[in-house]
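*Asks:* Here you go, sequence then predicted model.
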Amino acid sequence: MKELGRLLRYALPYWWALVAACLMMAAVGAAHGMTALLVGQVFGRALKPDAPDTPVDLFTIPFTHKTVFLEQLTPGWISNVWTMIAYMILVTFFVQGVCDYLGNVLINYAGLSSVTNLRQRVFDKVLQHGAQFYETHSTGRLMSSIMLDIEKIQVASSSMLADFLRQAFTTIFLLAVIIERDWKLAVVSLAVFPFVLLPTARLGKRVRRTTRRAQDDAAEMNQILQESLSGQQVVKSFGAEGYESGRFRQAARRFLRSSLRYTAQQAVASPLIQFFGAVTIVVLLGYARDQIKAGAMDLKGFTSFMTALLMLFEPVKRLTGIYTIFQQALGASQKVFEYMTQEEDIQSKPGAKRLERFERSIVFDDVSFRYPGSPDGFLLHSINLEVKAGEIVALVGPSGAGKTTLVNLAPRFQDVTAGRVLVDGVDVRDWELASLRDKIGIVAQDTFLFNDSAANNIRYGKRDATAEMVRQAARDALAEEFIQALPEGYDTPIGERGVKLSGGQRQRIAIARALLKNAPILILDEATSHLDTESELLVQSALGNLMAGRTVIVIAHRLSTVRRADKIVVVDQGGISEVGTHEELVSGGGIYQRLHTLQFLDPDEAVNG
Ligand SMILES: Nc1ncnc2c1ncn2[C@@H]1O[C@H](COP(=O)(O)OP(=O)(O)O)[C@@H](O)[C@H]1O
Ligand SMILES: [Mg+2]
């Protein structure tokens, strides 16, 4: 029920639409009640030529015992009973139609708007989450949740909510009619309803659980879909189409089973109600026959009663159906709110200071780090390192040594387990996060580009950059030449993740993007690994110009490119094993010397990565 409260909070801004819709739907319900009364009049008066020409009593208001006559509701110029009834029938249905339309539109407006807000909130919240969140929630599943689960909520809170109000008010007014007609008979015939409602309520809980499972199965399908599509080249090159197809089939089967299960649970309500309905009708007809024969009841009253009772089954049936849909929506919202309530693992402290300018240094002060998801896994330990402003520091070392992990601590993609990372003497956790990240430009090891034009991908670094600034950045990253050769130059869409480009081209766009950001700190994580030696040297020399006045941490796998670094740091097995300049390390007898010798023998062979 906690979920319901949270959902309602999103509906709060639209309370006026909901209130208006409630009024409209109440009118619809009243119209149904009126219909039942009028049907009674049709049989009791209009179709009975020998009926006395007395005023037509429609119903008695309870407690006051005042009777409302049809004459009071119709214009004075109608005197014929049949015309009056016909007039009322038309008016009733007209009012019902108009109110139903307005109520429906209003509810859908409120429901769709609040769900749109909810979806936006979920999206924003999910974007805020750190690396740890994404390690435990796969893309496919998140997408499924944000779209499918919220769609369930959307259906429930728009068209289903409208139907709920319509049916609930109809139920209320029809109940009022049958109680007003003959309350004793009403009590007897309503005695069957608990038999119907109790099992449905029990069912609702179960439906909620099965729905959750069905949604999870759908999410899994979605995940397989997403993976096989984005990894389609790998699938093809390993001839794994059959394997993926099997995986998908299995997930689809599970989805089928859970969907069928909840359909079966849901579908049982309607026949149940109909059966009890039939029993009630048979009993009532027998009773009524005796009563009318004995003169204790008139045909008109009984017809209204019967009509109202028969009309009542439909809304009750619908209400139980809607109830299960509401249950499903609640089941779905559980997941959605789970994402919302989860604390963001990495965020600014309240009142954290903004880092306005980077001036002095980045210091790793006795830093240890372990990935939260793997407590027994890789450990970065006792890292002590100072990168002064304006310095170029190179990290080298074998693949898996922890270089990427180490640099990711500075922009707080992860937080240290022990020790501190200081930027300008202040723990990074005490800087306002956005301002900290604003000072760091990154070219990551895996370049991610968006399915947009080349220019817009570069502009991602600074969204208000002019075309000339974009060009300059591309020129500095040696990307201009190949971009201009693309079919539409800078406006060429480069495909999802940049599939239309080569690895080296992607990297140069990523470098241009980082250069455009023009941050004082630049982290290049194997940013040139996909370039051939010559281009790499060119890019490095271009970067060399740009590095002037900047603080750069460069991870490189070709030692030739790190020679000019002010300081070379050798990372090995999660620790720092050597620090020095090229000249100091090359004859130091350590890992660096070994790597250097290997690369000297075969300079094009990448030893590490
Ligand atoms: N998200 C993660 N969760 C757990 N372990 C990880 C994660 N990312 C990397 N690792 C582990 O951390 C180690 C260092 O990785 P990384 O820093 O990428 O190395 P390098 O960049 O030096 O090649 C590897 O052994 C890898 O298995
Ligand atoms: Mg790495």
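*Replies:* Done, it's in. Ligands and ions are numbered 1, 2, ... in the order given.

*Asks:* Now do the same for Met24: its pLDDT.
*Replies:* For Met24, the model assigns a pLDDT of 94.

*Asks:* Which of the three states applies to it?
*Replies:* The assignment at Met24 comes out as helix when based on DSSP: H, G, I helix; E, B strand; the rest coil.

*Asks:* Pull out the buried residues from stretch 168-184.
*Replies:* 168-171, 173-182 (16 or more other Cβ atoms under 10 Å). Bear in mind the C-beta positions are built from the backbone N, C-alpha and C, glycine included.

*Asks:* contacting residues around it?
*Replies:* The list of residues contacting stretch 168-184 from outside it, by Cβ atoms under 8 Å, 6 or more residues apart in numbering, reads 25-26, 28-30, 32-33, 36-37, 40, 59-60, 62, 185-186, 189-190, 297, 301-302, 304-305, 308-309, 311-312, 315-316, 319.

*Asks:* Quick one, which of those are buried?
*Replies:* With neighbours counted using 16+ other Cβ under 10 Å, the contacts of stretch 168-184 contain these buried positions: 25-26, 28-30, 32-33, 36-37, 40, 59, 185-186, 189, 297, 301-302, 304-305, 308-309, 311-312, 315-316, 319.

*Asks:* Narrow those residues to those in strands?
*Replies:* Secondary structure from DSSP state E places Phe59 of the buried ones among the contacts of stretch 168-184 in strands.

*Asks:* Could you list which of the buried ones among the contacts of stretch 168-184 belong to helices?
*Replies:* Counted as lying in helices by DSSP state H, out of the buried ones among the contacts of stretch 168-184, are 25-26, 28-30, 32-33, 36-37, 40, 185-186, 189, 301-302, 304-305, 308-309, 311-312, 315-316, 319.

*Asks:* got the residue ranges for the strands in the protein?
*Replies:* Using DSSP E, the strands of the chain run over 57-61, 66-69, 361-370, 379-388, 392-396, 418-423, 426-427, 440-443, 521-525, 551-555, 567-572, 575-580.

*Asks:* Could you dump those into TSV with mean pLDDT and distance to Arg513 added?
*Replies:* Formatted as TSV, the strands of the chain follow (pLDDT from 0 to 100; distance: least, Cβ to Cβ, whole Å):
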stretch	mean pLDDT	distance to Arg513
strand 57-61	75	74
strand 66-69	80	75
strand 361-370	94	22
strand 379-388	92	22
strand 392-396	92	20
strand 418-423	94	22
strand 426-427	93	28
strand 440-443	91	8
strand 521-525	91	12
strand 551-555	91	16
strand 567-572	92	26
strand 575-580	90	30
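
*Asks:* Including distance to ligand 1, could these go into TSV?
*Replies:* Shown next, in TSV, are those (distance: least, Cβ to the nearest ligand atom, whole Å):
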stretch	distance to ligand 1
strand 57-61	71
strand 66-69	74
strand 361-370	8
strand 379-388	8
strand 392-396	8
strand 418-423	15
strand 426-427	22
strand 440-443	13
strand 521-525	7
strand 551-555	7
strand 567-572	6
strand 575-580	12
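
*Asks:* Which members of the buried residues of stretch 168-184 are positioned in helices?
*Replies:* Checked against DSSP H, the buried residues of stretch 168-184 include these in helices: 168-171, 173-181.

*Asks:* Hmm, which of these is lowest in pLDDT?
*Replies:* Minimum confidence in these sits at Arg181, scoring 81.

*Asks:* How much space separates Ala240 from Asp182?
*Replies:* Distance, Ala240 to Asp182, using Cβ to Cβ, to the nearest Å: 71 Å.

*Asks:* nope, Thr92 is what I meant
*Replies:* Counting by Cβ to Cβ - Thr92 and Asp182 are separated by 22 Å.

*Asks:* Now do the helix or strand of the chain with the lowest mean pLDDT and strand 551-555, the angle between them.
*Replies:* Every helix and strand of the chain was ranked by mean pLDDT, DSSP states H and E. The lowest is helix 533-547, at a mean of 71. With axes from the mean of the first three to the mean of the last three Cα atoms, to 10 degrees applied, the angle from helix 533-547 to strand 551-555 works out at 160 degrees.

*Asks:* How about the stretch 251-400 of the chain: which residue is closest to ligand 2?
*Replies:* When distances are taken as Cβ to the ion, the stretch 251-400 of the chain approaches ligand 2 most closely through Ser399, which lies 7.1 Å from it.

*Asks:* can I assume Tyr592 is in contact with Glu578?
*Replies:* Yes: applying Cβ atoms under 8 Å as the test, Tyr592 and Glu578 come out as touching, 5.7 Å apart.
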